[in-house]
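>>> Okay, here's the prediction I keep looking at, along with the sequence it came from:
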Amino acid sequence: MFVINSLAAGGAERALTDLLAYLQDDLRQYTVHLVLLDVEEQRHAVPPYVRKHILDAKFGMLSSIVLLGRLLRELTPAVTLSFLNRANCANVVSSKILGYPCIISERVHTTSHFGTGVGAAINKAIVRLTYRLADQVIAVSEGVKDELITNFGVRETKVRVIYNPINIGRICERASEAPSITLPKPYILGMGRLVPNKNFRLLIESYWSSGISENLVILGEGSERSDLEMLVSKLGLRERVLLPGYVQNPYPVLRGARLFVSSSNAEGFPNALIEAMALGCPVVATDCNAGPMEILTQKMAPRPSEVTLAEYGILVPVSSAKLLTDAIRIASREDIRDQYSQRGKQRARDFGIRSSVDQYRSAIASYASV
């Protein structure tokens, strides 16, 4: 049984549905179930061999635990594997009560994801109580692994790092399709849910300060749309900053961009960064606590305090409009663009499908013969 909050737009949702597709032959001896905790628009297709269950937990933790527990009792799975925080917590509690082995996959840098305040403190306490009880924890990057061990009491022996499966061939194939939207060229690109942690406000302000001639396109949808549109209007950028919403196939747009910028406060493993690199698009990324540094330098190093031209892209400190402005200007130079376009393609090949799928199969095989 696989469990996730929903199949709304997002990297975790795409990684899970891709994983299900790749594991079909390995899991043929089992009946495979996918549980969606919430009723939301489904942006990702599920392979036909998977039996899908849609609960209606209404985004609540307690209701997620109760409804998932009822289904677990009915289906008696060999093992459960969940993605995303609420699904993980519900999976651990339900599985421990009913006696089934559970694997959880943490997709974000947990402390950064929750932020501060009373609600954040409660959520962190729930993670601290539940995650350590999982039979196995999959971290999507080394930064996420270190965070779970250091701040949430998960034993190191329980945690393994498995990067997301990135289908480079499919990305390149889909990038050759005609784009579904018409955009004025040239442009630079940001992509992701329009939520505070993606910090598109920072990207818009830095773009405005940079004075570059390219337009700015931000793909995605979310709760911050109206605030971002107000900022664009306030800065007099309505003709130059475009927010076309969610695009089912973003790869033709990504291939046509002169630069991809990730301005996030927090990530776990930013798929879009590798997808841009695979298509030869140079990248600039804020060095949030997990993901970008591993991808762009192949190691975990001290946080940069200035614009850093790393081996595979440009890193800047989180939340610095001035430094992100400088990085955008530098990355817009033709010599820098050409250099990172070639290096990025080479680095993207390190995140191929087979290694990730084999490791997930190994994790599942610890509890079910595959």
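Done, it's in.
>>> May I have the phi/psi pair for Phe351?
phi -110, psi 40 (degrees, to the nearest 10).
>>> By mean pLDDT, which helix or strand of the protein comes out lowest?
Taking mean pLDDT, DSSP states H and E as the measure, helix 110-114 is the helix or strand of the chain with the lowest mean score, a mean of 73.
>>> Run the chain-centre distance for that one.
Centre-to-centre, helix 110-114 and its host chain are 14 Å apart (Cα atoms, centre = their mean, to the nearest Å).
>>> Check which helices and strands the very next helix or strand once past that helix sits against.
Per DSSP states H and E, the first helix or strand lying C-terminal to helix 110-114 is helix 118-130. Secondary-structure packing of helix 118-130 (3 or more Cβ pairs under 8 Å, 6 or more residues apart in numbering; DSSP states H and E): helix 85-98, helix 110-114, helix 142-152. For the C-beta atoms, the positions are set from N, CA and C on the backbone; glycine is no exception.
>>> Of these, which stretch is the most buried?
Highest mean neighbour count of those: helix 85-98, a mean of 23 (counted as mean count of other Cβ atoms under 10 Å).
>>> Let me have the helices and strands packed on helix 118-130 in CSV, adding distance to Arg347 as columns.
What follows is the helices and strands packed on helix 118-130, written out as CSV (distance: least, Cβ to Cβ, whole Å):
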stretch, distance to Arg347
helix 85-98, 29
helix 110-114, 24
helix 142-152, 16
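>>> Out of the ones you listed, which gets the lowest mean score?
Mean pLDDT is lowest for helix 110-114 out of the helices and strands packed on helix 118-130, coming in at a mean of 73.
>>> Give me the residues contacting that one.
Helix 110-114 is contacted by residues 85, 120, 123-124, 127, 144, 147-148, 151-152, 197, 265-266, 288-290 when judged by Cβ atoms under 8 Å, 6 or more residues apart in numbering.
>>> Could you export the least confident helix or strand of the chain as CSV, keeping only the C-alpha atoms?
The C-alpha coordinates for helix 110-114 follow below in CSV (Å, rounded to 0.1, in the frame of the first residue of the first chain):
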residue,chain,number,x,y,z
THR,A,110,11.2,19.4,8.1
THR,A,111,12.1,22.4,10.4
SER,A,112,12.2,24.8,7.5
HIS,A,113,9.0,23.5,6.1
PHE,A,114,7.0,24.1,9.3
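>>> Could you break the chain into its assigned domains?
2-165+352-365, 168-350 (automatic domain parsing).
>>> before we move on, the earlier item: to Glu229, which of the helices and strands packed on helix 118-130 lies closest?
Nearest to Glu229 among these is helix 110-114 (25.1 Å), distances taken as Cβ to Cβ.
>>> Determine how far the helix or strand hosting Glu229 lies from the middle of the whole chain.
Take DSSP H and E as the rule and Glu229 turns out to sit in helix 225-234. Centroid separation for helix 225-234 versus its chain: 24 Å, with Cα atoms, centre = their mean.
>>> residues in contact with it?
Contacts for helix 225-234 (Cβ under 8 Å, 6+ apart): 194, 200-201, 204-205, 218, 238, 241, 243.
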